[in-house]
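> 3D model of this:
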Amino acid sequence: MATAVEKITLSASRDIPFNKLVLSQANVRRVKAGVSIEELAEDIARRTLLQSLSVRPVLDPGGQETGMFEVPAGGRRFRALELLVKQKRMAKTQPVPCMVREGGLGEEDSLAENVQRVALHPLDQFRAFQTLREKGLSEEEIAARFFVNPTVVKQRLKLAAVSDKLLDIYAEDGMTLEQLMAFTVTNDHARQEQVWESLARAYNKEPYYIRRQLTEGAVRAADKRARFVGVDTYEAAGGVVLRDLFQHDDGGWFQDPALLDRLVIEKLQAEAETLRAEGWKWIAVAPDFPYGHTAGLRRLSGDSVDLTDEERASHDALKAEYDRLEEEYAQADELPDEVDQRLGEIETALATFEARAVVYDPTEIARAGVFVSIDADGDLRIERGYVRPEDEAPAEPVEGSDGDAPAAGQPNGAIQRTVITVGSGDSSEPEPEGDEDDGLKSLSERLITELTAHRTLALRDALANDPNTAFVAVLYTLCLGAFYRVSSATCLEISAKSTTFNAQAPGLADCASANAIEARHQQWAKQLPKAEDHLWDALVAFDSDSQAALFAHCTSLSVNAVHEPVEPRPAAPRSRRHAGARGEPRHGGGRLVPDRRQLPRPGSEGAHPRSDPGGEGRAIGAAHRSPEEGRHGQGSRAAAGRHGLVARAAAHARCSGGRGRWRRGSRCDDSPGVPRRGRRRRRR
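All right, here's what the predicted structure looks like:
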């Protein structure tokens, strides 16, 4: 005979007036968490009570019911109803749906009600918000009904809009919530699924990597091109902006780079059209020019427009206020916020006065041009007044000149990778013909060689005994190469050579280091005279700190830490023995190694000073050289000029017996200098 299954009996439900209910001490909830009592009261007021209270009758000492009921489970709902009664939004006799429990323990009822409850899965919440949105509720209305921020609702809706395939994976715990958030960057379900499939074969599955994959090819809104065009213009042209609602995305990503680049060029061209009326020969337009793009170009030096009487009065008033505030708070450890803000405003206004428009010579404008681009902040950058070498006016011949143009220096403002080389100048120029001073016409070439050799040694000895002048002389030579385009006004065989970066990452010209170098270079250029004839006295007039700072700047331009690949050289056509016998360079270790016999012997030019104290060996050798030997040496030097420095050194060693060659040099001119301009910094 089968055993009958005992049927359960559910607790009876009753509507009990609220004033007959009391909160039981058997409620196990002690810590406040979750939705506040106020928010729960508002929710009950909007949609009434959704869940009954669990109550037990209160018994007297005799075990009889007193008509009152205690609430061991549902204490938060009871307190919310109590708040509504206090706010007179509900009558105290309002019937409340209750489940009347008998038997057992009240603590057990309270614990079971909270433990057996299962929280809603986040995906169910996302989809529920999406259902409410589809049924006509706005994001703000949903947020108000569930006491959350509208941004939270937008995030939930964004999560619910991810590919259904990925949502199913998330529901089965195959994906974390952070990973799902990363996929909300794009609405392209196919792209989302493609990236997820690629992650299955990848080690890195971090959310940041997912975002990077989804935004690959897009342009960040913080990019200077995006800031230059603007979000509104881009979206008006049909562009789409990807946004990340779960992380700070700096404005998102512009999904169509081609459209963005077209808008950038159009805006730059429109700006260039406004510059056409100024009369420039050329205008170069690009979003970004490479670092050192002004190399080889001469920068025009214009005159700033003078201030009007009204502007000058305003400038003087601001400067006086600035000085007064600085003096008043000179001893303060920290400036008050309002004072610091005011000083910043004054500095900005004074900078506006200093950044005056520059007026150029119309004849110079006709051969110069302008670069139009975007700076690092996304603002328009206009670089006026650059002259290309082919646009320079033909130089008029000057009487008494050697006819040899010195190596062109670097253009003002072009800061590039510079290498300082000592004693590498080429002295094989042909001798000057005619057009010499009358006093030199009566002297033979040999005598001039001898005399200038003595002059060279005298200058070396004098400079070695005057460290200060030696320092200024080196600084003078470095400044000629760094700040003046063409110069030969130095007798020091120190030259500054500069080359461009063959390969550079985008944005190199806008990096912090490049901007700092350019600003420092321009600041020094303002303090140096426009003509090199006045440079020496300007440097002498500087104090020692200014000279050291300028020397450090010029020296810093010689730093070269670029790794460049070594190109393999083809094998030598002759054997090493054969090449060495002919005095030709040999290959060794992947680089050219000159034959030992090609190097100048002690006493020749370029040898270490210790090898020939005083240099008498060179003077005597030059004095006793025969005319035929002298002509032979000149011919060899002329031939060496066509075959490079190594072959030239070999010919010199063979034909002149190691004796040194004289080198023409010019004196260091002395001219009035320009005082240094400085500005005291504000204490912070």
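> how about residue 383, secondary structure?
Following DSSP: H, G, I helix; E, B strand; the rest coil, residue 383 is assigned to strand.
> Hmm, I typed the wrong one, I wanted residue 212.
Here residue 212 is helix, with the state taken from three-state DSSP.
> Got the confidence number for it?
Note on residue 212: pLDDT of 85.
> Can you give me the neighbour number for it?
Residue 212 has 14 neighbouring residues, counting by other C-beta atoms under 10 Å. To be clear about C-beta, it is placed using only N, CA and C from the backbone, and glycine gets the same treatment.
> Select the helix or strand of this structure having the lowest average pLDDT value.
One helix or strand of the chain scores below all others by mean pLDDT, DSSP states H and E: strand 417-422, with a mean of 23.
> my guess is residue 539 is in a helix, correct?
Yes. Residue 539: assigned to a helix according to three-state DSSP.
> any idea how far it is from residue 547?
According to C-beta to C-beta, to the nearest Å, residue 539 and residue 547 sit 7 Å apart.
> Pull up the overlap in contacts between those two.
Jointly contacting residue 539 and residue 547 under the rule C-beta atoms under 8 Å, 6 or more residues apart in numbering are 472, 475.
> So for those two, which sits in the more crowded spot?
Counted by other C-beta under 10 Å, residue 539 and residue 547 do not tie: residue 539 has more neighbours, with 22 against 18.
> Which residues are in contact with residue 101?
Neighbouring residues of residue 101 by C-beta under 8 Å, 6+ apart: 11, 54, 55, 56, 109.
> so how far is the strand or helix carrying the last one from its chain's centroid?
Following DSSP states H and E, the helix or strand that holds residue 109 is helix 106-115. If you compare the mean C-alpha spot of helix 106-115 with that of the full chain, they lie 61 Å apart, counting by C-alpha atoms, centre = their mean, to the nearest Å.
> on contacts alone, who are the packing partners of it?
In terms of contacts (3 or more C-beta pairs under 8 Å, 6 or more residues apart in numbering; DSSP states H and E), helix 106-115 is packed against strand 53-59, strand 65-73.
> Against which helices or strands is the shortest one packed?
Using 3+ C-beta pairs under 8 Å, 6+ apart as the contact criterion, the elements in contact with strand 53-59 are strand 21-23, strand 65-73, strand 95-100, helix 106-115.
> Repeat the analysis, applying 7 Å as the threshold.
Here strand 53-59 touches strand 65-73, strand 95-100, helix 106-115, going by 3 or more C-beta pairs under 7 Å, 6 or more residues apart in numbering; DSSP states H and E.
> Flag every buried residue along the second one.
Spelled out, that is strand 95-100. 96, 98, 99, 100 (16 or more other C-beta atoms under 10 Å).
> Nearest to residue 526 among those residues?
Nearest to residue 526 among the buried residues of strand 95-100: residue 96, at 84.2 Å, using C-beta to C-beta.
> got a list of what the nearest residue to the closest one once chain neighbours are set aside touches?
Leaving aside its sequence neighbours, residue 96 sits nearest to residue 18 (C-beta to C-beta, 6 or more residues apart in numbering; 5.2 Å). Each residue near residue 18 by C-beta atoms under 7 Å, 6 or more residues apart in numbering is listed here: 81, 85, 92, 93, 94, 96.
> Got the phi and psi for the spatially most central residue of the chain?
Closest to where the C-alpha atoms of the chain average out (C-alpha atoms, centre = their mean) is residue 511, at 3.2 Å. Residue 511 adopts backbone torsions of phi -70, psi 160, taken as degrees, to the nearest 10.
> Tell me which residues touch residue 140, please.
Contacts for residue 140 (C-beta under 7 Å, 6+ apart) come out as residue 150.
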